[in-house]
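Peer 1: test case, fold it:
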Amino acid sequence: MPPAASVPDDWPVHPSQTMSLNRMGGFDWDLDNGLMHLDESAVEVFDLEPGEYDGRPETLSLRVPPAEATRLDALVSRALKDGRTDYGAYFRIRMRDGSARWTHTQGHVLRDEQGRPHRIIGIVRDATDELGHPAERLGPDEEQRRRTSVVEATTAALAHARTVRDVIDALKHSGGLEMLGSSGLVMGLVEAGRIHMVAEGPPGSFVPGSRYTRIDQNFPMSEVVRTMQPRFVDTRAEFEARYPELWERLAHLDLSSAAYLPLIAQARPIGALGLLYTDRTHFSQEERNLLVALGSSIAQSLARAMLFEQEHDLAEGLQQAMLPRRIPAVPGAEIAVRYRSARMGRDVGGDWYDVIPLPGGRVGLVIGDVQGHDTHAAAVMGQLRIVLRAYAAEGHAPATVMARASVFLHELDTDRFATCVYAEADLATGIVHLVRAGHLDPLIRYADGTCRRLPVSGGLPLGLSAQFGRLEYPVTTVDLEPGATLLLCTDGLVERPGSDVDEGVRRLIALVHTGSQDLQDLADELCEEYDERGGEDDVALLLLRRRPSDMPRTDGRLQRHVAQNDPEALASARHVIGEAVRAWGARERSDEIELVADELITNALLHTDGGAVATARLVAGGGQQRLRVEVEDGSSVLPRRRDAGEDGVSGRGLLLVDRLVDVWGVEARGSGKSVWCEFDIAPPPAEGLPPEVMDPAPT
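Peer 2: Residues are numbered from 1 along each chain as shown. Down below sits the predicted model:
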């Protein structure tokens with residue numbers, strides 16, 4: 001009988017060892033918390049030390065070039081949105097020594113019962129042997145496949161390039177040039193009859209004075225632009241003979257040959273590309289054909305990128321022109337605003353912010369987003385911003401401002417709608433009234449650094465609420481304590497591919513909680529996080545902090561304008577006056593003061609034409625502290641007491657005022673009058689009453 005076959009002690013090998021020996025590792029990506037676990041073999045594939053990787057996918061940017069990262073993000077996003085369960089892709093990584101290496105990844109998407117993706121489990125592996133063999137070791141079929149791979153890899157990388165810099169980065173990091181043996185590249189763009197050098201390589205190859213060159217000079221890029229024909233320089237001697245002026249400045253470089261390609265789009269040269277070689281002295285006809293084909297593909301991508309940049313500059317210029325040119329200084333507050341445009345061509349949308357000074361030391365804050373990402377959205381935004389600002393400056397209550405803005409947008413010749421938050425803050429009292437139209441809730445960060453979402457009752461987006469006849473916008477009132485910060489932003493700051501808005505808000509709350517105490521630095525930090533992840537939506541950000549000191553010197557004075565036929569403004573004025581007098585130490589009589597103020601304002605609105613201006617202020621004299629309420633209107637007709645009768649519904653107002661106040665009267669004010677009344681209140685402690693409120697008693 002034949003001897004029994006011996007079996008090794010470690011047979012069969014463990015799967016982890018199989019993967020490690022074949023330069024393959026695994027990853028587990030939790031989409032809910034954004035963390036990605038890499039096993040030891042996967043860390044080795046990325047040429048990272050174990051301590052260098054902290055579980056965050058962003059850390060892999062140490063090895064994954066930006067162009068490749070953008071392409072992979074787009075691939076994964078499509079897989080998640082399309083409902084696919086698997087995806088795979090080749091990409092290049094940058095090794096520790098600076099060289100490039102092909103890598104392959106394959107992932108399996110796990111979804112919950114509702115179909116929402118929440119986890120990706122997959123592998124990464126070294127694909128050098130698969131794609132990186134030099135041409136001399138390949139047969140004719142393999143060589144043809146290699147050329148096809150070069151074209152596919154370069155074209156795939158260029159497909160996601162949106163700017164000229166993206167094109168350059170894609171050429172440097174896609175791996176196609178390395179597979180062709182090129183050690184570096186130079187690129188120039190035609191600008192106003194000259195060639196502008198926008199990329200140089202290898203290091204040390206920049207020629208002083210060549211940043212801009214004339215097209216008629218004896219330079220290789222000038223020649224290919226003039227003739228619109230490629231130029232291949234096979235040897236150093238040929239380079240020196242053809243371009244002696246340039247060669248004098250390049251002779252110190254280890255260059256053996258070069259290929260210069262015209263970049264032609266729509267039958268006109270837009271630039272030139274030079275590929276530099278250190279170990280090649282001849283270009284075969286097949287290689288020349290391949291380079292010419294690549295030049296054509298690069299030219300089309302470059303033309304598209306230049307068009308995107310032009311459209312982006314146009315749209316961003318329009319957007320910036322529509323935003324406030326300066327932010328007014330607001331006593332008692334620090335304000336920081338930021339705007340970041342989208343990262344894709346003309347896709348600058350309708351995000352905006354505004355800060356509106358209001359009478360009585362109040363300030364209006366606006367954040368909004370018009371639907372769409374184009375110049376039309378920016379134009380609609382500009383009109384809506386101006387209209388909303390005008391309604392607020394007229395003195396309308398926040399709910400009325402929002403309702404009228406919705407009607408305006410609905411009547412505008414557009415199919416766009418807008419989301420918005422409008423906040424009206426009284427920095428003397430800390431009272432903030434907020435209304436929301438389909439927008440994100442604001443955040444509030446307290447003086448101790450804690451941060452939370454601020455639930456604000458909301459209505460439909462602007463335009464839609466008017467269309468459907470639902471113009472109700474409930475008002476949410478909050479107290480902004482000294483040192484607290486109100487944060488308003490658009491959804492571009494929290495949205496991220498593969499995660500929902502709530503998750504983005506939680507991330508934002510964490511960033512604000514741990515962010516800088518300096519308001520401007522905090523705004524920069526939030527925008528830097530947006531920039532790092534390459535946001536594809538524009539962002540508007542507005543931060544307001546109520547200063548714990550240097551509060552606005554209001555002299556114990558509050559003033560509100562109430563428009564006629566605006567019951568919401570009346571209710572808001574009554575509420576604000578009540579809150580103010582309680583803050584001033586008149587809590588025991590606050591209900592009486594609020595009731596009298598409401599009666600005087602109502603009389604002015606009912607019996608005169610136009611609105612009314614209500615003022616509440618502290619006065620002192622004769623050792624007695626008093627609170628004075630004045631209501632001004634544009635009518636010279638004096639109020640008078642009337643007998644209401646048993647069944648009358650009018651005529652009791654002045655009787656009520658007479659019973660509740662300590663003293664009242666009427667003063668002429670230009671073409672109108674002021675009805676005033678005063679209430680005796682207990683004087684506050686000496687340190688609680690600022691000297692500036694010790695006005696002389698009215699005569």
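Peer 1: all the helices of the stretch 551-699 of the chain, residue numbers only.
Peer 2: For the stretch 551-699 of the chain, the helices identified by DSSP state H, counting those that start in this stretch occupy 567-583, 590-607, 653-660, in order along the chain.
Peer 1: what residues of the last one count as buried?
Peer 2: Residues of helix 653-660 classed as buried: 653, 654, 657, 660 (neighbour count, 16 or more other C-beta atoms under 10 Å). Quick note: C-beta positions are derived from backbone N, CA and C, even for glycine.
Peer 1: the longest strand in this structure is where?
Peer 2: strand 100-111 (DSSP state E).
Peer 1: who touches that strand?
Peer 2: The set of residues that contact strand 100-111 without belonging to it, under C-beta atoms under 8 Å, 6 or more residues apart in numbering, is 27, 29, 45-47, 72, 76, 79-80, 84-95, 117-128, 130-132, 173, 175, 178.
Peer 1: strands paired with that strand, and their directions?
Peer 2: Strand 100-111 sits in its sheet next to strand 86-94 (antiparallel), strand 117-126 (antiparallel), going by DSSP bridges.
Peer 1: okay, these in CSV with mean pLDDT next?
Peer 2: Compiled in CSV, the strands paired with strand 100-111 are given as follows (pLDDT from 0 to 100):
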stretch, mean pLDDT
strand 86-94, 86
strand 117-126, 93
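Peer 1: how about the ones you listed, which one is nearest residue 601?
Peer 2: Ranking these by their distance to residue 601 (criterion: C-beta to C-beta) puts strand 117-126 first, at 55.4 Å.
Peer 1: buried residues in that closest one?
Peer 2: Of the residues in strand 117-126, 117, 118, 120, 122, 123, 124, 125, 126 count as buried by neighbour count, 16+ other C-beta under 10 Å.
Peer 1: farthest pair in these?
Peer 2: Longest span within the buried residues of strand 117-126, C-beta to C-beta: 118 and 126, 28.8 Å.
Peer 1: mean pLDDT for the helices of the stretch 551-699 of the chain - can I get that in CSV?
Peer 2: Formatted as CSV, the entries for these read as follows, by pLDDT from 0 to 100:
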stretch, mean pLDDT
helix 567-583, 77
helix 590-607, 88
helix 653-660, 85
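Peer 1: can you tell me which of those is nearest to residue 423?
Peer 2: Closest of the helices of the stretch 551-699 of the chain to residue 423 is helix 567-583, at 13.0 Å (criterion: C-beta to C-beta).
Peer 1: and the closest one, what does it pack against?
Peer 2: Counting contacts by 3 or more C-beta pairs under 8 Å, 6 or more residues apart in numbering; DSSP states H and E, the secondary-structure elements packed against helix 567-583 are helix 398-411, strand 431-437, strand 557-562, helix 590-607, strand 612-621.
Peer 1: what would these look like in CSV with mean neighbour count and distance to residue 383?
Peer 2: Converted to CSV, these look like this (neighbours: other C-beta atoms under 10 Å; distance: least, C-beta to C-beta, whole Å):
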stretch, mean neighbour count, distance to residue 383
helix 398-411, 23, 8
strand 431-437, 24, 16
strand 557-562, 23, 24
helix 590-607, 20, 30
strand 612-621, 21, 29
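Peer 1: so can I have JSON lines of the ones you listed showing distance to residue 463?
Peer 2: Putting the helices and strands packed on helix 567-583 into JSON lines (distance: least, C-beta to C-beta, whole Å) gives the following:
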{"stretch": "helix 398-411", "distance to residue 463": "4"}
{"stretch": "strand 431-437", "distance to residue 463": "9"}
{"stretch": "strand 557-562", "distance to residue 463": "26"}
{"stretch": "helix 590-607", "distance to residue 463": "29"}
{"stretch": "strand 612-621", "distance to residue 463": "31"}
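Peer 1: what is the neighbour count of residue 501?
Peer 2: Burial of residue 501 is recorded as 12 neighbouring residues (other C-beta atoms under 10 Å).
Peer 1: oops, could you answer that again for residue 514 instead?
Peer 2: Using other C-beta under 10 Å: residue 514 sits among 10 other residues.
Peer 1: so where do the strands sit in the stretch 401-550 of the chain?
Peer 2: Defined through DSSP state E, counting those that start in this stretch, the strands belonging to the stretch 401-550 of the chain, from first to last, are 418-426, 431-437, 443-445, 451-453, 458-459, 476-479, 485-489, 539-546.
Peer 1: out of those, flag the one nearest residue 189.
Peer 2: Ranking those by their distance to residue 189 (criterion: C-beta to C-beta) puts strand 539-546 first, at 29.9 Å.
Peer 1: and that closest one, how far out from the chain middle?
Peer 2: In terms of C-alpha atoms, centre = their mean, to the nearest Å, the centre of strand 539-546 is found 12 Å from the chain centre.
Peer 1: what's the answer for stretch 567-582, then?
Peer 2: Here the centre of mass of C-alpha atoms in stretch 567-582, compared against the chain's by C-alpha atoms, centre = their mean, lies 35 Å away.
Peer 1: buried ones in that stretch?
Peer 2: Counting neighbours by 16+ other C-beta under 10 Å, the buried set in stretch 567-582 is 568-570, 572-582.
Peer 1: could I get these as TSV with distance to residue 113?
Peer 2: Supplementary listing: the buried residues of stretch 567-582 in TSV, determined by distance: C-beta to C-beta, whole Å:
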residue	distance to residue 113
568	44
569	49
570	51
572	46
573	51
574	51
575	46
576	49
577	53
578	50
579	48
580	53
581	55
582	51
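Peer 1: what are the buried residues along stretch 480-496?
Peer 2: Taking 16+ other C-beta under 10 Å as the basis for neighbour counts, the residues of stretch 480-496 that come out buried are 480, 484-496.
Peer 1: between those, which is nearest residue 195?
Peer 2: Within those, proximity to residue 195 (C-beta to C-beta) peaks at residue 492, which comes in at 37.4 Å.
Peer 1: for the closest one, which non-adjacent residue is closest in space?
Peer 2: Ranked by C-beta to C-beta, 6 or more residues apart in numbering and with sequence neighbours excluded, the top spatial neighbour of residue 492 is residue 537, at 3.5 Å.
Peer 1: how many residues are close by that neighbour?
Peer 2: Applying other C-beta under 10 Å, we find 21 other residues in the vicinity of residue 537.
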